[in-house]
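Q: my questions concern the predicted model and sequence given below.
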Amino acid sequence: QVQLVESGGGLVQAGGSLRLSCAASGRTFSPYDMGWFRQAPGKEREFVAVLRWSGGITYYADSVKGRFTISRDNAKNTVYLKMNSLKPEDTSVYYCAHTGGPRDYSALFASEGYAYWGQGTQVTVSS
């Protein structure tokens with residue numbers, strides 16, 4: 001089992017920044033990929049970003065590309081999502097997710113590709 005705990009959410013004005021953290025514990029044996037998803041009220045959960053264990057390759061949703069950065073600190077078993085130039089449409093509950101093992105590229109962009117999830121952290125961007 002893997003436990004994930006997110007932190008760092010909050011209320012910020014449009015144009016501001018936040019950094020989300022996701023601390024992993026338990027059977028966090030490599031290789032695995034870590035992702036961030038978000039879900040706004042009345043909408044489906046959507047992919048935001050993923051960081052691959054192999055090579056540290058990153059992928060982003062078009063809506064956040066150039067504004068968000070995913071990174072990890074292996075020594076702390078923690079993944080971060082730095083969010084800059086925030087917009088009201090970024091308002092969502094943000095979830096980190098752990099694949100639990102190797103995944104093909106095509107599996108990285110949907111919820112079904114991930115075995116473990118955090119509880120979520122609320123990000124609210126005011127206009």
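A: Yep, that arrived. Numbers count the residues shown, from 1 in each chain.
Q: using CSV, write out every CA atom in the longest strand along the chain.
A: Across the chain, the longest stretch assigned as strand under DSSP state E is strand 18-26. Output for strand 18-26, consisting of C-alpha atoms alone and laid out as CSV, is shown next (Å, rounded to 0.1, in the frame of the first residue of the first chain):
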residue,chain,number,x,y,z
LEU,A,18,0.8,28.2,-5.1
ARG,A,19,3.0,25.1,-4.6
LEU,A,20,1.3,21.9,-3.8
SER,A,21,3.1,19.0,-2.1
CYS,A,22,2.4,15.3,-2.1
ALA,A,23,4.2,13.2,0.4
ALA,A,24,4.3,9.5,-0.3
SER,A,25,4.8,6.7,2.3
GLY,A,26,4.5,3.0,2.5
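Q: next SSE downstream of it?
A: For strand 18-26, the succeeding helix or strand toward the C-terminus, using DSSP states H and E, is strand 34-39.
Q: give me the buried positions along that next one.
A: 34-38 (16 or more other CB atoms under 10 Å). The C-beta positions use only the backbone N, C-alpha and C, and glycine is treated the same way.
Q: what sits against the residue sitting nearest the centre point of the chain?
A: With distances taken as CA atoms, centre = their mean, residue 36 lies nearest the centre of the chain, 1.8 Å away. The neighbourhood of residue 36, defined by CB atoms under 8 Å, 6 or more residues apart in numbering, consists of 20, 22, 48-50, 70, 79, 81, 94-97.
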